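Undergrad: here is the input, now give the coordinates:
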Amino acid sequence: MSFRWFGVALAALAACGAVEGQTTSAPVTPAPPVVQAAPTGQVAPVPTSPVVPVAPLAAVARFPLNKDGLMIRRQVEAGQPFTVAGPRGVVLGRQDGTFEAWILPVKLLSQFTIEAEVEGYTVPIDLNAASAEIEVRPDHTTITYSHIAFTVRQTMFAPESTSDGTGAVVLFEVDSVRPMDLTFRFRPEMRPMWPEPDKGTPSVEWVREPVPPPVRPGDAAPPVPPSSSSGGPGFYVLHTDFPDLAGAVAIPGAQPGILAPYQERPQVHPVELKLHFDPKRDAGKYFPLLMAVAQTTPTATSAALEAK
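TA: This is a model prediction of the structure:
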């Protein structure tokens, strides 16, 4: 997964006014290569496009959110609903932080929950049971999970304008004095709105981000190794029974959960994203949950979703 998908998400946040003082600028178009005339009797060299390495996804430095306008802040009532809606994406859930996400007109995932394990604390912690406060503003909603060892904030946006196939973004902000592991679980759905027919139960593929080997000064740039469906940072692709519908879900730096081999007997395993948080390295950062849907055969491949 390239930074292009992440850049689209950040641009969408700025477009909806959720980022305080954030502005966007027009992309810079590189100048075309200059072709010099070849001497008589020689063939002019054919210009080649430079090889641009694909940068892996990474957490983004914390930025101030817009605090203008109306605001409702209250203690969480776990069974009560919340809605974050935009023209291209919707996040629907309960105030304990569980939710389902739509990239309209497709329900991408549901039953999204979070569990934490803190270094030196042997009991896994259900973050949804630790939800303490909800803050609702016109352009974003934040749910705060509070524990004696950490605080996690879940901020949800549904920008008015995004690129095709995207529509909702969730940011996770972690404050902890100890290293901790966060496990995000969800149920893949890939269900179009009625009256479209059901596309079947999606299968899950983990696409590992390619990591180029280091280059010593003076060496030629090595080829980028292909992605593979194995452990390591990457993203999930949600495949359906139809070649024109697929989805993608990612959190920068997250590892996959259980990846059952194809020949294993049918079992139901939770789809998990496992993220390790080190306060020395990761303090002051946002970890976005990025989601995309493709609804044409050329764009519904793993390679096309990776290019987003």
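
Undergrad: show me where the stretch 151-300 of the chain has its strands.
TA: Remark: strands assigned in the stretch 151-300 of the chain by DSSP state E, counting those that start in this stretch are 169-176, 180-192, 203-208, 234-239, 246-250, 255-256, 271-277, 285-294.

Undergrad: tell me which strands and helices the fourth one is in contact with?
TA: Applying 3 or more C-beta pairs under 8 Å, 6 or more residues apart in numbering; DSSP states H and E, one finds that strand 234-239 contacts strand 180-192, strand 203-208, strand 246-250, helix 302-307. Quick note: C-beta positions are derived from backbone N, CA and C, even for glycine.

Undergrad: ranking the strands of the stretch 151-300 of the chain by burial, who's on top?
TA: strand 246-250 (a mean of 26; mean count of other C-beta atoms under 10 Å).

Undergrad: quick one: closest of the strands of the stretch 151-300 of the chain to Glu100.
TA: Ranking the strands of the stretch 151-300 of the chain by distance to Glu100, with C-beta to C-beta as the measure, places strand 180-192 first at 7.4 Å.

Undergrad: mind listing what the helix or strand Ile143 falls within pairs with, with the direction of each?
TA: Per DSSP states H and E: Ile143 is located in strand 141-147. Strand pairing for strand 141-147, determined by DSSP bridges: strand 131-136 (antiparallel), strand 150-157 (antiparallel).

Undergrad: where does this protein dip in pLDDT?
TA: 1-56, 211-231, 308 (pLDDT under 70).

Undergrad: rewinding a little: any idea which of the helices and strands packed on strand 234-239 gets closest to Lys67?
TA: strand 180-192 (26.4 Å).

Undergrad: circling back to that earlier point, next, format the helices and strands packed on strand 234-239 as a markdown table and append distance to Gly69.
TA: Formatted as a markdown table, these follow (distance: least, C-beta to C-beta, whole Å):
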| stretch | distance to Gly69 |
| --- | --- |
| strand 180-192 | 30 |
| strand 203-208 | 39 |
| strand 246-250 | 30 |
| helix 302-307 | 35 |
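
Undergrad: among these, which is nearest Thr113?
TA: So among the helices and strands packed on strand 234-239, strand 180-192 is nearest, using C-beta to C-beta, at 5.1 Å.

Undergrad: which secondary structure elements does the closest one sit against?
TA: Using 3+ C-beta pairs under 8 Å, 6+ apart, strand 180-192 sits against strand 106-118, strand 169-176, strand 234-239, strand 246-250, strand 271-277.

Undergrad: okay, those in JSON lines with distance to Phe184 next?
TA: Compiled in JSON lines, the helices and strands packed on strand 180-192 are given as follows (distance: least, C-beta to C-beta, whole Å):
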{"stretch": "strand 106-118", "distance to Phe184": "6"}
{"stretch": "strand 169-176", "distance to Phe184": "8"}
{"stretch": "strand 234-239", "distance to Phe184": "11"}
{"stretch": "strand 246-250", "distance to Phe184": "9"}
{"stretch": "strand 271-277", "distance to Phe184": "4"}
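
Undergrad: nearest to Ala292, of those?
TA: strand 246-250 (4.6 Å).

Undergrad: mind listing what Pro256 touches?
TA: Contacts for Pro256 (C-beta atoms under 8 Å, 6 or more residues apart in numbering) come out as Trp206, Gly231, Gly234, Tyr236, Glu272, Leu273, Lys274.

Undergrad: of all the residues you listed, which comes closest to Pro179?
TA: Set against Pro179, the nearest of those by C-beta to C-beta is Lys274 (13.3 Å).

Undergrad: excluding its backbone neighbours, what's nearest the closest one?
TA: Gln255 (4.6 Å; C-beta to C-beta, 6 or more residues apart in numbering).

Undergrad: so that neighbour sits against Glu209, correct?
TA: No. If you go by C-beta atoms under 8 Å, Gln255 and Glu209 don't touch, sitting 11.3 Å apart.

Undergrad: now the end-to-end length of stretch 140-152.
TA: 16 Å (C-alpha to C-alpha, to the nearest Å).
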